[in-house]
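In: Predicted coordinates and the sequence they were generated for:
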Amino acid sequence: MTNTFVFHDLETAPEASKELLNGLFAKSGRNGFYAVLAGSPETLKAYTELHELFMDTNFTDEERTVIWQTINVEHECNFCVPAHTAMAKYMNINDNVINALRDETPLPKSKLEALRSFTLEVVRTRGHASESAISDFLTAGYTHQNILEVVLGQFKK
């Protein structure tokens, strides 16, 4: 037995993954992440549903990028950081934001920096954000709904 995941295509994917995988490949091209997730139809479906729900939040594409890349960089994910960099470029996110997230340097807008700080707090405390972190986040212009949406972003990752 090998420790390597199978990169499925439409021929090798489990039957229950094929329709969803076909649609995902049509939207994004041959995507290795989806190809691996196809090995579990339930996981592939859950991931795509969580992604769609996260895309429906009140966050802008720029803010979603801050959440995703903050998590990716914190976890030192060598697959996720480049993948979300490509997504950010596709969404026309400013290179200054993309580079600051990857390099862990200050973001060009204080509100985005507050979002990064709060996201890190949620990741590092496993959802047990301090009162001061919550207060700082709300003071920056975010809402209680946004707090819950940051948590959703953690599940999506």
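Out: That came through fine.
In: Spatially central residue in the protein, please.
Out: Nearest to the geometric centre of the chain sits residue 68, at 3.6 Å (C-alpha atoms, centre = their mean).
In: Residue 91: what's it in contact with?
Out: 61-62, 65 (C-beta atoms under 8 Å, 6 or more residues apart in numbering). (C-beta placed from N, C-alpha, C; glycine too.)
In: before we move on, back to that, could you report the separation of the residue nearest to the centre of the chain from residue 34?
Out: 16 Å (C-beta to C-beta, to the nearest Å).
In: give me the element residue 115 is part of.
Out: helix 110-124 (DSSP states H and E).
In: do residue 46 as well
Out: Following DSSP H and E, one finds residue 46 within helix 41-55.
In: For that helix, what is the distance to the chain centroid?
Out: Per C-alpha atoms, centre = their mean, to the nearest Å, the displacement of helix 41-55 from the mean C-alpha position of its chain is 11 Å.
In: quick check: angle from the host helix or strand of residue 23 to helix 41-55?
Out: Using DSSP H and E, residue 23 sits in helix 15-28. Angle, helix 15-28 to helix 41-55, by axes from the mean of the first three to the mean of the last three C-alpha atoms, to 10 degrees: 40 degrees.
In: Tell me the helix or strand right after helix 15-28.
Out: Defined by DSSP H and E, the subsequent element after helix 15-28 is helix 32-37.
In: measure residue 113 to residue 26 for me?
Out: Distance from residue 113 to residue 26, by C-beta to C-beta: 37 Å.
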